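Undergrad: Here is the input, now give the coordinates:
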Amino acid sequence: SKHVIKNIPWTTAKNFTVEKGQQQIEELISTWDIHESWLHHSEFLEEEELKDSKRYHYRACWGLPTRRKPVPRATASVYFVIVISKFKPDTAPVEVFYRLESSRLIRRPEQCQFREKWLQDIIENKIMCAERL
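TA: The predicted model follows:
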């Protein structure tokens with residue numbers, strides 16, 4: 001069975017705002033196949049000016065709170081970058097990349113379907129590390 005990669009129509013460079021970027025990241029996250037017991041919050045981190053682009057950095061922090069443990073023992077972050085090229089027309093859509101906190105691998109939403117297991121692995125590794133200390 002071939003996985004359908006869900007993506008969203010990204011805003012154009014000229015219509016981009018920091019708030020719109022965060023709304024669109026939330027919209028993308030809503031297409032991910034993640035159990036509703038996972039909770040997250042997203043935030044804007046910083047704007048970065050480069051020679052060829054402007055980059056807007058965001059983070060979504062995930063946890064699995066339960067009734068017995070409302071504060072999760074560990075969280076997992078997903079970092080997003082929205083890139084606005086200085087060379088493309090401002091009618092072109094922004095480019096979006098994300099990576100997991102434990103990984104240097106950069107993914108594009110249109111090329112890779114997000115997996116809940118990635119969040120589980122980060123949290124399990126953190127808890128195992130904490131228990132060793």
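Undergrad: neighbouring contacts of stretch 50-66?
TA: 16, 18, 21-22, 25, 29, 37-48, 71-72, 74-87, 119, 123 (C-beta atoms under 8 Å, 6 or more residues apart in numbering). Quick note: C-beta positions are derived from backbone N, CA and C, even for glycine.
Undergrad: Mind checking which of those are buried?
TA: 16, 21-22, 25, 29, 38, 40, 42, 44, 72, 74-76, 78-84, 119, 123 (16 or more other C-beta atoms under 10 Å).
Undergrad: In strands only, show me these.
TA: With strands taken from DSSP state E, the overlap with the buried ones among the contacts of stretch 50-66 comprises 40, 42, 44, 76, 78-84.
Undergrad: Between the two ends of stretch 65-75, how far is it?
TA: Chord length of stretch 65-75, first to last residue, is 10 Å (C-alpha to C-alpha, to the nearest Å).
Undergrad: just the angle between the worst-scoring helix or strand of the chain on mean pLDDT and strand 76-85, please?
TA: Among the helices and strands of the chain, helix 116-132 carries the lowest confidence by mean pLDDT, DSSP states H and E, at a mean of 94. Counting by axes from the mean of the first three to the mean of the last three C-alpha atoms, to 10 degrees, helix 116-132 lies at 130 degrees to strand 76-85.
Undergrad: buried ones in helix 116-132?
TA: Applying 16+ other C-beta under 10 Å to helix 116-132 flags 118-119, 122-123, 126 as buried.
Undergrad: Can you list the low-confidence ranges for the protein?
TA: Where the chain drops to pLDDT under 70, the residues are 1-3.
Undergrad: For it, which segments are assigned as helices?
TA: Taking DSSP state H, the helices of the chain run over residues 18-31, 116-132.
Undergrad: if we can go back for a sec, among the ones in strands among the buried ones among the contacts of stretch 50-66, which two are most distant?
TA: Spatial extent of those (C-beta to C-beta) is set by the pair Ala76 and Ile84 at 27.3 Å.
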